[in-house]
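# What would the 3D arrangement of this be:
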Amino acid sequence: MAKGLTLPLDEYATSSVDGYAWKVAVQDQWRSCMARYGFSDFGPPQISEQSAVMQADSAMGRRYGVSDLDLARKFGYHLPTGTQESPYWEPAAGAESTVFTGVGAGVDDGTYEGKALPEGGCRGEAQRMFPMPRTPEAERVGITVFEETRKSPEVVKAVAQWVSCMKQKGYERSHPLEDLGKLGLSPSSPSAGSEEIAHAVADVECKADSELVGVWNAKEKAGQQKAIKENASRLAKEKSVKDRNSAKVRQAYEAAGNQ
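Residues are numbered from 1 along each chain as shown. Next up, the predicted model:
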């Protein structure tokens, strides 16, 4: 099972908790700014910290395809209940959108109804105060290593064993990360049917038989450790900025009464 596993580059990426704190800090700043212009009830539905962490755990848990037997038995290839993204949201058209974005009817030479607007509206103000905690260099290195290990002899051998196991169970598969839609599976449908659940259970069982998750994760760890040494300067610089921004976000998050 991949859930709970870690990788060396995790240290260079924004954690799920810090990512959640950033969302809360930005939304709090949106509300504070919009209130200055008379919009006291503003903002998207807040996502809970537990849900944010569950989303991150789900992503790691499926790094090598579905791998949790209990979840496969309950949800098939569907995401577990509670890990879905928040509903799509955007500000109301008209005055609310104008103040939020800084663009629209009523904006005159950087002012709205005679009151100065921040550049880019309240959204721009929040973006400048709390830059998105992105780590593109770490992401680039991670993707490169992932693709390299995917082609490694050890992983290729484990995948072949998984394919053979799936065939024995009655499923013609070529790779655990292949497009499920082309197989007639629809993880975006409301719920998983019995056929999908049986397929997902076989998938997880064959991953266990082939030791695919452990083999792939070990290769990724070794590959990332090597890549970190080769890209030490760029990664360290990016991490320094990320840590500084995360600390600022965490301070604002806690100052707002969150724990």
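# Give me the nearest residue to residue 72, chain neighbours excluded.
residue 200 (4.0 Å; CB to CB, 6 or more residues apart in numbering). (Glycine included, C-beta is placed from N, CA and C.)
# Tell me, how many residues neighbour the one you found?
Residue 200 is flanked by 26 other residues according to other CB atoms under 10 Å.
# Run through the residues that contact it.
Residues near residue 200 by CB atoms under 8 Å, 6 or more residues apart in numbering: 66, 72, 75-77, 192.
# Residue 157: neighbour count?
The number of residues near residue 157, taken as other CB under 10 Å, comes to 13.
# before we move on, what SS does it have?
Following DSSP: H, G, I helix; E, B strand; the rest coil, we place residue 157 in the helix state.
# what does residue 103 give?
Criterion first, three-state DSSP; result for residue 103: coil.
# Setting the sequence-adjacent residues aside, check what's closest to it.
Residue 103's closest residue in space is residue 121 (CB to CB, 6+ apart), at 7.1 Å.
# Looks to me like the residue nearest to residue 72 is in a helix.
Yes - the assignment for residue 200, made by three-state DSSP, places it in a helix.
# Please report how far it lies from residue 231.
From residue 200 over to residue 231 the distance is 36 Å, taken as CB to CB, to the nearest Å.
# which ones are touching residue 18?
133, 246, 249-250.
# which of these lies closest to residue 171?
Nearest to residue 171 out of the contacts of residue 18 is residue 133 (CB to CB; 40.0 Å).
# ok, that closest one touching residue 15?
No - if you go by CB atoms under 8 Å, residue 133 and residue 15 don't touch, sitting 9.2 Å apart.
# Which neighbours do the two have in common?
Joint contacts of residue 133 and residue 15 (CB under 8 Å, 6+ apart) are residue 246.
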